[in-house]
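**Q** show me how the following folds:
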Amino acid sequence: MAPRLAAEFIGTLWLVLGGCGSAVLAATFPEVGIGLTGVSLAFGLTVLTMAYAIGHVSGCHLNPAVTLGLVAAGRFPGRDAIPYIVVQVFGAIAAAGILWAIATGKPGFEVGGFAANGFGDHSPGKYGMNSALLTEVVMTFFFLIIIVGATHPQSPKGFAPIAIGLGLTLIHLVSIPVTNTSVNPARSTGPALIVGGWALQQLWLFWVAPIIGAVLAGLVSRTLWPDNRQ
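**A** Numbers count the residues shown, from 1 in each chain. You can find the predicted model right below:
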């Protein structure tokens, strides 16, 4: 278990550092900022690269919703879910701390949104709570469908990380304007702890909605792929 938990910690740290780091440090950099498309691609690339690096060690969940969705799908033992979720959250918190330490090296830096997820006044597009809830449920549902399908024994070998990484990129392209895109409770928790206040008050949605979407996808996958063993 120790190597698997270490892999999940490192992988989740990379996801939050790479994805949220692109939003905080590079998205609006004067004249050459990467924008919404660049941030979306950054999140996808973190998952793609780590899936190849640690997928054979821990399965590369990097996300409490993914872990619980795979339990619901019958693809991951429930007894291992809590340790996975704990190290994923710690990895995200560590990444947020590293990102804060880097970002504060710029004179005049203000924490601001710090890539935190939110709704209402804290949604990039000012979308309300119901829109945010539906978006996170639906996007996480399809993320898990992609994961379970791409890693099924009958799927083409070696290509799952590409499908999963591109799937996460597409999800961000659609939903950044609504919630800043979570689909990952750990990813939401790290920045929220740095921002505090409203980000912590709204954090509940970014745990509840992704988990609902992921578990629903896991249950549906048992019908789509009756033989759901790895």
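**Q** in the helix or strand that contains Trp14, what counts as buried?
**A** Using DSSP states H and E, the element containing Trp14 is helix 2-21. The neighbour-count check on helix 2-21 (16 or more other CB atoms under 10 Å) flags 4-5, 7-21 as buried. Every residue, glycine included, has its C-beta placed from N, CA and C.
**Q** just the CA trace of it, in CSV.
**A** The C-alpha coordinates for helix 2-21 follow below in CSV (Å, rounded to 0.1, in the frame of the first residue of the first chain):
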residue,chain,number,x,y,z
ALA,A,2,2.8,2.5,0.8
PRO,A,3,4.0,2.8,-2.8
ARG,A,4,0.5,3.2,-4.0
LEU,A,5,-0.3,6.0,-1.5
ALA,A,6,3.0,7.7,-2.3
ALA,A,7,2.1,7.6,-6.0
GLU,A,8,-1.4,9.1,-5.3
PHE,A,9,0.1,11.9,-3.2
ILE,A,10,2.7,12.8,-5.9
GLY,A,11,0.3,12.5,-8.7
THR,A,12,-2.4,14.7,-7.1
LEU,A,13,0.3,17.2,-6.2
TRP,A,14,1.3,17.4,-9.8
LEU,A,15,-2.3,17.7,-11.0
VAL,A,16,-3.0,20.7,-8.7
LEU,A,17,0.4,22.3,-9.2
GLY,A,18,0.2,22.0,-13.0
GLY,A,19,-3.4,22.7,-13.5
CYS,A,20,-4.0,25.4,-10.9
GLY,A,21,-0.5,26.7,-11.4
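**Q** which strands and helices sit next to it?
**A** helix 35-58, helix 81-103, helix 185-195 (3 or more CB pairs under 8 Å, 6 or more residues apart in numbering; DSSP states H and E).
**Q** distance from the chain centre to stretch 175-184, please.
**A** Relative to its parent chain, stretch 175-184 has a centroid offset of 9 Å by CA atoms, centre = their mean, to the nearest Å.
**Q** just stretch 205-212 next, same as before
**A** Chain-centre distance of stretch 205-212: 12 Å, with CA atoms, centre = their mean.
**Q** around Leu70, count how many other residues there are.
**A** Neighbour count for Leu70, taken as other CB atoms under 10 Å: 29.
**Q** likewise for Leu144?
**A** Neighbour count for Leu144, taken as other CB under 10 Å: 29.
**Q** leaving out sequence neighbours, find the closest residue to it.
**A** Closest residue in space to Leu144, ignoring its immediate chain neighbours: Ala217 at 3.5 Å, by CB to CB, 6 or more residues apart in numbering.
**Q** wait, the one you found touches Thr140, no?
**A** Yes - at 7.3 Å, Ala217 and Thr140 qualify as touching, with contact defined as CB atoms under 8 Å.
**Q** give me the common contacts of those two.
**A** Shared contacts of Ala217 and Thr140, defined by CB atoms under 8 Å, 6 or more residues apart in numbering, are found at Gly69.
**Q** quick check: mean pLDDT across the helix holding Trp14?
**A** Helix 2-21 shows an average pLDDT of 96 in the prediction.
**Q** most centrally placed residue in this structure?
**A** The centroid of the chain falls nearest to Asn184 when counting by CA atoms, centre = their mean (3.7 Å).
**Q** so who does that one touch?
**A** Neighbour list for Asn184: Leu15, Leu62, Asn63, Pro64, Ala65, Val66, Pro210 [criterion: CB under 8 Å, 6+ apart].
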